[in-house]
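S.K.: Sequence and predicted structure below; questions after.
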Amino acid sequence: GCDSSLNLTAQKATDAVDDIFRCLRDIARARMHMKQFNSIHNPGSNTHQAASYKPLLKQVVEEICNPDRPDPVDIEHVSAGLTDLLKTGFSMFMKVNRPHPGDHPLLIIFMVGGVTVSEVKMVKDLVATRKPGTQ
């Protein structure tokens, strides 16, 4: 809110810092309901390194390309057609597997806010090593 450092007051600086932390708390609150992707920080333990950072995009791509193929906890399948709707309806009565995002040869990930060049390279490398043939 200042056009030059001459107009900067302690109150304006405090308000700007408060706004930044309010935004950070809102971002953290948006992921609180998630079970698997709720944090990008790993505090570590006595046997592992002190702390590590794992980007959300990397966590999502690793889950999608996981060869063990468990049902993704925080990734939801949305029914698109009549066949999917019928499968969803029958799933109340019998065990019907939801489609896994890694089943498809083309996957589009839309990130609100965008991605960096290093994140694009990380995704490309992960997919090439864990799920070759997938775009």
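M.R.: The structure has been received and is ready for your questions.
S.K.: Every contact and neighbour count from this point should use C-alpha atoms.
M.R.: Fine.
S.K.: buried sites along stretch 128-135?
M.R.: Using 16 or more other CA atoms under 10 Å as the test for burial, stretch 128-135 gives residue 131.
S.K.: which residues in the protein form strands?
M.R.: Using DSSP state E, the strands of the chain run over residues 41-42, 52-53.
S.K.: Redo the ones you listed as TSV? Include mean pLDDT, mean neighbour count and distance to residue 25.
M.R.: Formatted as TSV, those follow (pLDDT from 0 to 100; neighbours: other CA atoms under 10 Å; distance: least, CA to CA, whole Å):
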stretch	mean pLDDT	mean neighbour count	distance to residue 25
strand 41-42	70	12	15
strand 52-53	76	11	18
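S.K.: Let's have these in a markdown table, adding distance to residue 59.
M.R.: Formatted as a markdown table, these follow (distance: least, CA to CA, whole Å):
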| stretch | distance to residue 59 |
| --- | --- |
| strand 41-42 | 11 |
| strand 52-53 | 11 |
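S.K.: Tell me who's in contact with the most centrally placed residue in the chain.
M.R.: By CA atoms, centre = their mean, the chain has its centre lying nearest to residue 56, at 4.1 Å. By CA atoms under 8 Å, 6 or more residues apart in numbering, the residues touching residue 56 are 37, 39, 40.
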